[in-house]
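In: Build the 3D model from these lines:
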Amino acid sequence: MGDVAGEGRTVLFVSHNMDAVRNLCIRALLLRAGNLELLGETNDVVRHFMGFDRTAATMDIYLSSRCIQINKIKIVNSTGQLAESLRWNEEFAIQVYYQVFEELDGLAIGIMLINEDGIPVLHTSSRSALNTPDLSKGKGISRVVIPRHLLSPGVYSVFLNAHTPYEGLCSTYNAISFRVVDTGREVVGKVGTMRWPGVVSPVLEWINTGVAQQT
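Out: Take a look at the predicted model:
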């Protein structure tokens, strides 16, 4: 497609693959419900689509399939308070509120965190924990705890879905966006004014052992 565009022809590329959009397009437009929402430089449009230009602690959503409806998503800090900005050195939770109309084998909630470069940082599902039961009929809350010292400072967008092991039932990009903030000298990978690269910043155990000199 790049070769065709290089020949002077206009190419209309339609995709939800943000990496491809960034790599192939210098300008982009965002359509929502058939209407033009934004037209501009590709990075600006992608950031808007992913919600990186607006963060929130709670969001009402309508995500529905034949057996489940997801109504709300919340970001809760380590003290149990709603928060759209989290410290790098504190754990936090993502809570998803739903109603199940029909029980299915393996019915679960899944999330994927995507950073500002469009890179999926992690994916997790309520089926990831071996002892977590399937979603049961009625209203419920699925809660996942993101450990401290994991995500690098920056803004993250949450891709949200409901699924079984056999099919995806419903999903949405940018269910909510939140920010992880630099806590200063505690942040791993910061030396002076330079930050080391990496999509995660975990605190890992290091062991330094002296070696006796041989004579």
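
In: got the CA positions of whichever strand or helix holds residue 30 in CSV?
Out: Taking DSSP states H and E as the definition, residue 30 sits inside strand 27-32. What follows is strand 27-32, C-alpha atoms only, in CSV (Å, rounded to 0.1, in the frame of the first residue of the first chain):
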residue,chain,number,x,y,z
ARG,A,27,-3.3,11.8,8.2
ALA,A,28,-6.3,10.0,9.6
LEU,A,29,-10.0,10.5,10.3
LEU,A,30,-12.2,9.0,13.0
LEU,A,31,-15.8,8.0,12.3
ARG,A,32,-18.2,7.3,15.0
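
In: and it, what other elements does it pack with?
Out: strand 35-41, helix 42-50 (3 or more CB pairs under 8 Å, 6 or more residues apart in numbering; DSSP states H and E). Bear in mind the C-beta positions are built from the backbone N, C-alpha and C, glycine included.

In: between those, which one is nearest to residue 157?
Out: helix 42-50 (4.3 Å; CB to CB).

In: ok, whatever helix or strand comes next after the closest one: who's next to it in the sheet?
Out: Using DSSP H and E, the helix or strand that follows helix 42-50 in sequence is strand 58-64. Its sheet considered, strand 58-64 pairs with strand 68-76 (antiparallel) by DSSP bridges.

In: okay, now residue 93: neighbour count?
Out: Per other CB atoms under 10 Å, the neighbour tally for residue 93 reads 14.

In: doesn't residue 146 make contact with it?
Out: Yes - the criterion here is CB atoms under 8 Å, and residue 93 meets it with residue 146 at 7.1 Å.

In: can you give me the strands in the protein?
Out: 27-32, 35-41, 58-64, 68-76, 85-87, 92-100, 108-114, 120-125, 138-146, 154-163, 168-181, 190-191, 194-195 (DSSP state E).

In: By mean pLDDT, show me the worst of the ones you listed.
Out: Of all the strands of the chain, the minimum mean pLDDT falls on strand 190-191 (a mean of 51).

In: Show me which residues of stretch 145-161 are buried.
Out: Neighbour-count burial for stretch 145-161, counted by 16 or more other CB atoms under 10 Å, picks out 146, 148-161.

In: how far away is the residue lying closest to residue 45 once chain neighbours are set aside from residue 40?
Out: Spatial nearest neighbour of residue 45, excluding adjacent residues (CB to CB, 6 or more residues apart in numbering): residue 28 at 4.0 Å. From residue 28 over to residue 40 the distance is 7 Å, taken as CB to CB, to the nearest Å.

In: Looking at the two, which has the bigger crowd around it?
Out: Neighbours were counted for residue 28 and for residue 40 using other CB under 10 Å; residue 28 has more, 22 against 12.

In: quick one, what contacts the more buried one?
Out: Each residue near residue 28 by CB atoms under 8 Å, 6 or more residues apart in numbering is listed here: 21, 39, 40, 41, 42, 45, 46.

In: quick one: which of these is nearest to residue 115?
Out: Out of those, the member with the shortest distance to residue 115 (by CB to CB) is residue 46, at 12.2 Å.
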